[in-house]
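Peer 1: sharing a model that was predicted from the sequence below.
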Amino acid sequence: MPKSVPSRIKHRLTRLVRPAPGGTTLAEIATGLTLPRGWNQAAVLRRADAELTDPEPGVVVAITKGRPAAVGRLLGTRFPTAEVHVLNAWLTGGRGAGRTPGNVRIHAAPNPRAMHTALLGIAAPQALLDLGTATKPVKAAAFEQLIYHLADGGRYLLAGTDEPDDAARAHGASLRPMLAELVKLRDVPPPRRLVRSGPARTTAPVPDEPVRARAVRDVREDGPLIVVTKAGRQAVKLRDSEVEVALGVRKGEAWGRRLDTRPPVSFAARASRHANEQLETFRATIEVPELYLREFRDVTCAPRGLVVQDDAVLPLSFHHGHKRRLEQVSPYVRHGGDYFVELDERLQHAAELPGVFYHLDSEYPGHFGHVISEDISKLWGWERARAAYPGIKLLLSARGGGTGPKPYQLALLRALGIPDEDVTCIDAPVRVELLVGASQMFYNGRYAHPELVPMWDRMREALRPAEPTPGLPRRLFVDRPPDGLRPCRNGAQVVDTFREHGFHVIRPEELGMAAQVELFAGAEVVAGFGGSGLFNTIYAERPVRQIVIASTTYRARNEWTISATKGGEYHHFFGPAELTDELLRAKGRGFQAPFTFDFARDGAALRALLTD
């Protein structure tokens with residue numbers, strides 16, 4: 001090749017004229033390729049080749065840091081009848097694909113989450129090879145999250161001792177203590193009680209390691225290779241946007257179908273926002289993602305909102321379906337990481353429940369705040385579902401061993417035209433032939449869809465008394481029980497301040513439904529301690545001024561979400577939380593902590609606001 005040819009062009013020409021790799025083993029094929037560090041170690045490739053010979057895998061997945069096309073050619077040539085996928089942890093775009101055999105597909109996957117997303121659309125692989133990310137901590141994180149994708153008996157291959165430099169050896173070695181600990185935990189039986197017990201302020205999350213340990217059949221270190229054999233099948237936690245790809249791979253068209261959608265909506269908050277700190281946590285732009293109404297065939301429903309189809313936990317199960325880690329509090333699951341759970345064997349013995357059902361269950365059944373915000377917001381698809389299936393019934397579960405829905409739940413449903421006889425309540429797992437479910441239109445702190453406003457108005461008009469009560473107060477202060485969660489230490493002083501400025505103090509739970517709705521319908525200013533009592537502003541006939549007093553660790557933004565969608569004027573005063581080590585360790589990180597309103601800092605501003 002002439003010396004005058006620029007080096008970049010020369011490199012590309014060299015790649016074009018490079019002969020196809022020869023040989024039949026990984027090591028032989030590799031001699032014709034320029035592979036990334038880790039994948040070019042002959043000893044590792046010989047051991048991997050021996051491991052994957054009998055039987056040869058039908059689906060192979062590789063993780064590489066760079067040169068994905070070369071890795072794809074290596075594996076595609078070695079396993080010509082297999083489906084080969086390369087997860088490229090180096091590039092974030094489509095570059096670097098190069099020329100690969102027809103059985104190879106390359107995915108840009110720069111982190112474990114992106115790798116997981118790619119694997120959702122791939123049939124369970126029999127082999128997953130990570131020989132080339134040893135220089136990055138992502139290697140351990142990838143193993144912890146991706147091991148579950150393997151088929152039962154599948155093998156996860158990791159480069160071991162013969163890595164090329166000290167840093168790589170250190171990262172390779174860092175896996176060994178983790179794997180050794182998993183082996184120790186493997187035979188520990190799962191606890192009978194599968195979720196946290198007691199209030200959130202005194203309990204800590206259940207660790208993932210026991211579930212991960214039971215997903216490991218054995219660990220072998222064979223020369224330069226660590227081989228982990230997978231055990232069993234765990235259930236993947238699905239997000240709304242993942243359903244059709246993931247279930248299509250697992251069940252084909254038998255999973256169900258999409259009935260309706262709502263396109264994404266973005267709008268500027270319709271209320272002005274004011275806060276003494278943390279103003280950035282109140283979203284100025286409300287962005288509602290695409291929402292779905294779907295039907296699912298042959299599913300298992302369990303108390304606390306759990307819905308399972310084979311080895312998938314459906315999005316209907318999660319009230320916080322957009323978090324990085326999907327949590328579910330049903331006593332029938334054990335979490336093994338961000339993306340997978342272990343299902344309790346009792347789900348296999350679920351009783352048959354004949355008929356077609358609409359899912360309205362919740363992780364917190366009967367909890368007023370969740371019912372009035374999240375649960376009701378899923379009924380946007382009810383009329384479409386009833387048109388398709390005229391005999392459809394609502395499905396929910398009882399809370400704490402109760403026998404049925406609470407009276408206020410039935411009252412809310414009747415307000416939306418759903419009679420009591422159309423409600424079915426379960427207290428144990430059931431098998432349902434056809435289940436219809438919708439995405440939430442309300443998501444704490446993120447969005448409330450504008451379509452909810454006419455739904456809230458409809459509820460108000462159905463629930464308020466037929467004859468109006470004269471002389472009702474227009475300025476309300478919503479108090480909380482003194483022995484409840486998130487107590488305000490100087491709450492009496494706060495309440496007195498509002499009383500001095502003409503506010504009528506109420507505890508909504510002490511009033512009948514009609515009286516609650518009528519009070520909030522005519523209110524002009526609604527204030528109170530942060531919590532579900534303030535959610536009653538959904539019934540306001542006009543935009544209201546809302547004043548919320550809460551602790552610095554009260555991260556819920558339901559009150560703002562309602563104001564941002566209905567309109568009005570929103571003010572939030574944070575008071576310092578009383579945090580202890582126990583609270584900080586607990587799930588929620590102090591969410592339920594006591595607090596004090598800081599009169600020295602905020603008293604003058606509050607009084608000026610109340611006088612205005």
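Peer 2: Perfect, I can see it now.
Peer 1: helices of the stretch 201-350 of the chain, residue ranges please.
Peer 2: Remark: helices assigned in the stretch 201-350 of the chain by DSSP state H, counting those that start in this stretch are 209-214, 243-251.
Peer 1: for Arg155, which of those helices is the nearest?
Peer 2: In terms of C-beta to C-beta, the element of the helices of the stretch 201-350 of the chain nearest to Arg155 is helix 209-214, at 16.2 Å. Heads up, the C-betas are built off the backbone N, CA and C, glycines and all.
Peer 1: just the CA trace of the closest one, in CSV.
Peer 2: These are the backbone C-alpha positions of helix 209-214, laid out as CSV (Å, rounded to 0.1, in the frame of the first residue of the first chain):
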residue,chain,number,x,y,z
GLU,A,209,-28.2,-11.1,48.0
PRO,A,210,-30.3,-14.1,49.2
VAL,A,211,-32.3,-14.1,46.0
ARG,A,212,-29.2,-13.7,43.9
ALA,A,213,-27.6,-16.5,45.7
ARG,A,214,-30.5,-18.9,44.9
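Peer 1: all the strands of the stretch 251-400 of the chain, residue numbers only.
Peer 2: Counting by DSSP state E, counting those that start in this stretch, the stretch 251-400 of the chain has strands at residues 256-262, 265-268, 271-275, 285-288, 291-302, 306-309, 312-313, 333-335, 340-343, 351-359, 393-397.
Peer 1: output the next helix or strand after the last one as PDB, nothing but the C-alphas.
Peer 2: Sequence-wise, the next helix or strand beyond strand 393-397 is helix 407-415, with elements assigned using DSSP states H and E. The C-alpha trace of helix 407-415 is given here as PDB (Å, rounded to 0.1, in the frame of the first residue of the first chain):
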ATOM      1  CA  PRO A 407     -67.100   2.400  52.400                       C
ATOM      2  CA  TYR A 408     -65.400   5.500  51.100                       C
ATOM      3  CA  GLN A 409     -63.900   3.500  48.200                       C
ATOM      4  CA  LEU A 410     -67.300   2.300  47.100                       C
ATOM      5  CA  ALA A 411     -68.700   5.800  47.400                       C
ATOM      6  CA  LEU A 412     -65.900   7.100  45.100                       C
ATOM      7  CA  LEU A 413     -66.600   4.400  42.600                       C
ATOM      8  CA  ARG A 414     -70.400   5.000  42.700                       C
ATOM      9  CA  ALA A 415     -69.600   8.700  42.000                       C
END
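Peer 1: buried residues, helix 407-415. List them.
Peer 2: By neighbour count with 16 or more other C-beta atoms under 10 Å, helix 407-415 contains the buried residues Tyr408, Gln409, Ala411, Leu412, Leu413, Arg414, Ala415.
Peer 1: which residues sit against it?
Peer 2: By C-beta atoms under 8 Å, 6 or more residues apart in numbering, the surrounding residues in contact with helix 407-415 are 366, 368, 371-372, 376, 394, 396, 419-420, 423, 458-459, 462-463, 513.
Peer 1: next SSE after that helix?
Peer 2: Next helix or strand after helix 407-415 toward the C-terminus (DSSP H and E): strand 423-426.
Peer 1: helices or strands next to that next one in the packing?
Peer 2: When contacts are defined as 3 or more C-beta pairs under 8 Å, 6 or more residues apart in numbering; DSSP states H and E, strand 423-426 sits against strand 351-359, strand 393-397.
Peer 1: so where is the stretch 351-500 of the chain shaky, pLDDT-wise?
Peer 2: Scanning the stretch 351-500 of the chain for pLDDT under 70 picks out the ranges 400-402.
Peer 1: and if we set it to 80?
Peer 2: For the stretch 351-500 of the chain, applying pLDDT under 80 flags the ranges 399-403.
Peer 1: and Lys184, how many neighbours?
Peer 2: 10 (other C-beta atoms under 10 Å).
Peer 1: next: Asn536.
Peer 2: Based on other C-beta under 10 Å, the number of other residues close to Asn536 is 25.
Peer 1: same thing with Ala514?
Peer 2: Burial measure for Ala514: 14 neighbouring residues, criterion other C-beta under 10 Å.
Peer 1: which residues does it contact?
Peer 2: Counting by C-beta under 8 Å, 6+ apart, Ala514 makes contact with Leu463, Arg464, Pro465.
Peer 1: right, and the helices and strands packed on strand 423-426 - which one's nearest Trp39?
Peer 2: For the helices and strands packed on strand 423-426, proximity to Trp39 was assessed by C-beta to C-beta; strand 351-359 is nearest, at 46.3 Å.
Peer 1: so in that sheet, which strands flank the closest one, and in what orientation?
Peer 2: Taking DSSP bridges as the criterion, strand 351-359 pairs within the sheet with strand 393-397 (parallel), strand 430-438 (parallel).
Peer 1: and those as TSV, adding distance to Pro487?
Peer 2: As requested, these are exported to TSV (distance: least, C-beta to C-beta, whole Å):
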stretch	distance to Pro487
strand 393-397	30
strand 430-438	36
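Peer 1: nearest to Gly66, out of those strands?
Peer 2: Short answer: strand 430-438, nearest of the strands paired with strand 351-359 by C-beta to C-beta, at 42.4 Å.
Peer 1: out of the helices and strands packed on strand 423-426, nearest to Ser330?
Peer 2: Closest approach to Ser330 among these is made by strand 393-397 (9.4 Å; C-beta to C-beta).
Peer 1: understood, closing this out.
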